[in-house]
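K.L.:
here you go, sequence then predicted model.
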Amino acid sequence: MARHHQPRKGSVAFSPRKRAARESPHITSWPESKEPGLLGFPGYKVGMTHVTMLDNTKNSPTEGMEISTPVTVVETPPVVVFGIRAYKKTSRGIKAMTDVLAAELDQDLKRKISLPKEYNTETQLAELTENLDNVVEIRALVHTKPRLANVPKKKPEIMEFGVGGSSPKEKLDYAVNVLGKEINPADVFADGEHTDAVAITKGKGFQGVIKRWGVRIQYGKAARSSKGRHVGSIGPWSPERVMWTVPMAGQMGYHQRTEYNKKILKIGEADQVDEINPEGGFVKYGVVKNNYLLLKGSLPGPSKRLVIFRKAIRPHGKHDDAPQISYISTASKQGA
């Protein structure tokens, strides 16, 4: 009888599958962009609904036809650029050289970091400009405003965003121009654009090998004494150790994951929330009160979790035109 062959169960590309270090995602890679502007924007996941729209995807079997598609709602209140970070090149990669903070800082930042009592923004900016020849990268320090969203927190999240521009000087000029100001999602993205969504997935806790890796439940002799939810073998007699590739029980979920090229169907403003708020609000979230994004498909993580959207780092050509949405479902999601 021929031996049974099949591919391994579960990808080892994300090993070790341990809990993320923080609930807010951390992005280290940013796309190259010659147009001055922020390369990302954060938001809070709300929930899902569905829309009816005209399919404008080129070469799609339903191109030009009206289709119904699931969408995810993300509340995106404005963020504040409170600092500029300059990087220099070293033998071990780029390293932070200096930071320039805004003259007036939000008092909620005290909940997250210690604010300087005496600080001269102009002096720090002049010093950075003098050493601009040593600068290879400019990033923007941004903090969220969770009070403006329907999330139960006051402490802002602090993150570092890439800045677009053809040179460090052009990036610095843009960063100085927006320092201390609010940025809205419409300043970063456009309807029909593709974006990368980075978030921490739902945590599932400690799970067994069947649920965690999807291995086959044992049958026949291997399943005697009601012990079927295990791997058939954990390895050979020699070498006398278990390989790291063998599926084992352990932490499942609460990992940082990136979904590429999610399509933005609509960027809504605070005065348009009635177009998406269902009767009774979204389950486990409530009602949307501020700017929002409608994205095609699903996103990682539970409701109220922070999601960071980045300019597409591996785009599929040029982004599509804004789709024509004819209907957004506002039916009650309670008991669904």
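P.N.:
Happy to help now that I have it.
K.L.:
for the rest of this, base every contact and every neighbour count on C-alpha atoms.
P.N.:
Noted.
K.L.:
any low-confidence regions in the stretch 1-150 of the chain?
P.N.:
1 (pLDDT under 70).
K.L.:
same thing but 90
P.N.:
By pLDDT under 90, the low-scoring segments of the stretch 1-150 of the chain are 1-15, 56-60, 63, 115-121.
K.L.:
quick one, helices of it?
P.N.:
Using DSSP state H, counting those that start in this stretch, the helices of the stretch 1-150 of the chain run over 121-130.
K.L.:
in the protein, which strand has the most residues?
P.N.:
strand 40-54 (DSSP state E).
K.L.:
what's it packed up against?
P.N.:
Helices and strands touching strand 40-54, as assessed by 3 or more CA pairs under 8 Å, 6 or more residues apart in numbering; DSSP states H and E, comprise strand 66-75, strand 306-311, strand 324-328.
K.L.:
what angle sits between the helix or strand harbouring residue 266 and strand 40-54?
P.N.:
Using DSSP states H and E, residue 266 maps to strand 256-268. If you take axes from the mean of the first three to the mean of the last three CA atoms, to 10 degrees, strand 256-268 sits at 60 degrees to strand 40-54.
K.L.:
am I right that residue 154 is in a helix?
P.N.:
No. Going by DSSP: H, G, I helix; E, B strand; the rest coil, the assignment for residue 154 is coil, not a helix.
K.L.:
quick one: closest of the helices and strands packed on strand 40-54 to residue 131.
P.N.:
Nearest to residue 131 among those is strand 306-311 (28.9 Å), distances taken as CA to CA.
K.L.:
dump the C-alpha coordinates for the closest one into CSV.
P.N.:
C-alpha atoms of strand 306-311 as CSV (Å, rounded to 0.1, in the frame of the first residue of the first chain):
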residue,chain,number,x,y,z
LEU,A,306,-6.3,50.2,16.8
VAL,A,307,-5.6,49.5,13.1
ILE,A,308,-2.8,51.4,11.3
PHE,A,309,-3.3,52.0,7.5
ARG,A,310,-0.2,52.4,5.4
LYS,A,311,0.2,53.6,1.9
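K.L.:
what's the mean pLDDT across that strand?
P.N.:
Throughout strand 306-311, pLDDT has a mean value of 97.
K.L.:
could you do stretch 256-276 as well?
P.N.:
On average, stretch 256-276 scores 95.
K.L.:
what strand or helix carries the most centrally placed residue in the chain?
P.N.:
In the chain, the centroid-proximal residue (CA atoms, centre = their mean) is residue 198; its distance is 2.3 Å. If you go by DSSP H and E, residue 198 is part of strand 194-200.
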